[in-house]
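K.L.:
show me the folded form of this:
(chains A and B)
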Amino acid sequence: MFWNKEIETIPEEKLKDIQLERLKKVVQYAYERVPYYRKKFEEAGIKPEDIKTLEDIKYIPFTSKADLREVYPFGMFAVPLSEIVEIHSSSGTTGKPVVMGYTREDIEVWKEVMARSLTMMGVTKEDIIQIAYGYGVFTGGLGFHYGALTIGATIVPSSAGNTRRQIELMRDFGTTVLACTPSYALYLAEYAKDEMGIDPRTLKLKAGSFGAEMWTEEMRREIEKRFGIKAYNVYGLTEIIGPGVAHECEAQEGLHIWEDHFLPEIIDPETGEPLPEGERGELVLTTLTKKGVPMIRFRTRDITAFISGKCSCGRTSRRIERIRGRTDDMIKVRGVMIFPYQIEKAILEVQGVEPHYQIILTRPHYLDEIEIQVEMSKEIFSDEVRKIEELKKRLEKRIEETIGVRVKVTLVESKSLPRSEGKAKRVIDKRGLK
Amino acid sequence: MDYVEIISIFAENKPGKLEKITEVLAKENINILGFSIISVKDFGVIKFLVDMPEKAYQKFKEKGFTVAKIPAIGIELEDRPGGLYEVVKLISSKGVNIESALVYVAETRKKAYFVFEVDELEKAWELLKNEKVKFLKSSNFVNE
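P.N.:
Predicted structure coming up:
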């Protein structure tokens, strides 16, 4: 199913023409209107006219999250506030928030890309979509809201939190599509079953769009199994537009980026050089149509790779792998780069263990130690101490094989680790570095 | 088959854990007939023989504990030197391996039971059932 078939299946050459035309325009626009960009261009010794091909983008300096914080709150705005119809702000999990303003036109773009994204996963006006992403300055709730509104689906704007109510709404209204963070989806399933005696599979849900935090294929399978639905990956970030930068189609083989609005690059996070197709690196995005706050070569800090080849769905827009980590989530332990998702994957491979865990880093004797606390679930609880010890050893072994560093696993009581209604806090660094 | 159910709880090895667990039983007026605690470095397993096993199981579950009901066989012990030795000897002579055990003193200085878990309950029962010993039945103590 397509929302905008013409653009979604546009031949590559034609897409490139559109991208180049829009890139030139946005570069000129940003240079003229935002002092930050003018200064950066001047420092780099380039002018907007120097951009003659798509490849020339590499001469433009990057924009980082730190740059955006420096000009808090409105320093990146390219239009007067009177032209701004909505303001959003990043959730600020990693520092001072970043502020983004949307013009009326920007909201139209957001509606369009979200409508394409939802249609791509099978949402129609017949569906009842429960949006359990937070509504507010966080972009999750309203982004989905605009997309669903554009399609004409029935929206249940439940926002995040109030878990019992969420499940009651799903059951009583016959919700068919769920949108929330993947960790919250798992929590909903667990809560429905354990606290309310409702088998999540008996709900009318058929699909869900999950994102705003890192998750794994194993987690996807777990969500799909527990709810009996298809779980899709959504990608987006406040700095670019919010959810709707990329989304999976029914093939579930990577996320299609809406390249007519967002120009993607993948670079080596250390050197800043573009990487050959298929290699994993940091995603850099340029907004091609945004008017309120144009973003040029924004370093997302998200680690992914382009997927080559044509998608079976017929869309020509390029696909990226699910986000593999964030450059700033990388944990360096004894000099080895580790991503929490690797540990998560290892835990889930050891059959039966629920994906509730926490990574604790310490440095007791000038040497990093990793402790991984994993919740003991009812399903795998054996009252035999010997078997529990075996499980612990299996976990330690599997994790060590995956990340290449020895870890200590501690089994903790069921539900003793903090549950998130938003982003999961997976890593606690007690090493006192920096 | 005569067997009884033991309530088994997973607990982290931290101060106050046993207190929280026994508080659940106390509040519900459930009587502990026997118990055992096994702890290994950072976690432990606490087991109870109680007069209301089903209620205890439900309450622990409600409170979010990782809890299981485990079947076990109980054999009456004689209150004299060598009493336990004879029961254990009988069990081992059948090739049955005791995974864990607790003692239930039914009437002080009169009657006690050795209550033990095995890997394969039915097999163990088949091997032991014709022995001239008294087996503990749920009906002897269950009060719900």
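K.L.:
pick out the residue in chain B sitting closest to chain A.
P.N.:
For chain B, the residue closest to chain A is residue B:8, as judged by C-beta to the nearest C-beta, at 3.6 Å. Using the backbone N, CA and C atoms, a C-beta is placed for each residue, glycine as well.
K.L.:
quick one: the strands in chain B, in order.
P.N.:
B:4-12, B:32-40, B:43-50, B:66-77, B:98-107, B:111-118 (DSSP state E).
K.L.:
could you list the low-confidence segments of chain A?
P.N.:
A:91-95, A:351-355, A:420-424, A:433-434 (pLDDT under 70).
K.L.:
tell me the residues of it that contact chain B?
P.N.:
A:376-378, A:381-385, A:388-389, A:410-416 (C-beta under 8 Å from any C-beta of the partner chain).
K.L.:
related to what we said a few turns ago, surely the residue of chain B closest to chain A touches residue B:50?
P.N.:
No - Residue B:8 lies out of contact with residue B:50 (C-beta atoms under 8 Å); the separation is 11.6 Å.
K.L.:
and the chain, what are its domains?
P.N.:
Chain wasn't specified; assuming chain A. In terms of domains, chain A is parsed into A:1-327, A:331-429 (source: automatic domain parsing).
K.L.:
hm, I was asking about chain B
P.N.:
The record assigns chain B these domain ranges, following automatic domain parsing: B:4-68, B:71-140.
K.L.:
what's the neighbour count on residue A:278?
P.N.:
Applying other C-beta atoms under 10 Å in any protein chain shown, we find 12 other residues in the vicinity of residue A:278.
K.L.:
how about the contacts made by it?
P.N.:
Neighbouring residues of residue A:278 by C-beta atoms under 8 Å, 6 or more residues apart in numbering or on different chains: A:305, A:306, A:307, A:308.
K.L.:
and which of the residues you listed is nearest to chain B?
P.N.:
Comparing the contacts of residue A:278 against chain B with C-beta to the nearest C-beta places residue A:305 closest, at 39.1 Å.
K.L.:
and the strands of chain B as CSV, adding mean pLDDT and mean neighbour count?
P.N.:
Below are the strands of chain B laid out as CSV (pLDDT from 0 to 100; neighbours: other C-beta atoms under 10 Å in any protein chain shown):
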stretch, mean pLDDT, mean neighbour count
strand B:4-12, 92, 23
strand B:32-40, 89, 17
strand B:43-50, 92, 22
strand B:66-77, 92, 21
strand B:98-107, 88, 17
strand B:111-118, 90, 22
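K.L.:
any chance of these in CSV, with distance to residue B:87 too?
P.N.:
Below are the strands of chain B laid out as CSV (distance: least, C-beta to C-beta, whole Å):
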stretch, distance to residue B:87
strand B:4-12, 15
strand B:32-40, 15
strand B:43-50, 16
strand B:66-77, 5
strand B:98-107, 10
strand B:111-118, 5
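K.L.:
pretty sure residue A:73 sits against residue A:100.
P.N.:
No - between residue A:73 and residue A:100 there is no contact, the gap being 9.9 Å when judged by C-beta under 8 Å.
K.L.:
the two: which has the busier surroundings?
P.N.:
More crowded of residue A:73 and residue A:100, by other C-beta under 10 Å: residue A:100, with 29 against 15.
K.L.:
what residues are bridge-paired with that one?
P.N.:
Note on residue A:100: beta-bridge partners by DSSP bridges are residue A:88.
K.L.:
got the contact list for it?
P.N.:
A:76, A:87, A:88, A:89, A:90, A:238, A:239, A:292, A:293.
K.L.:
can you give me the helices in the stretch 101-250 of chain A?
P.N.:
Secondary structure of the stretch 101-250 of chain A, counting by DSSP state H, counting those that start in this stretch: helices at A:104-120, A:139-151, A:163-173, A:182-196, A:217-227.
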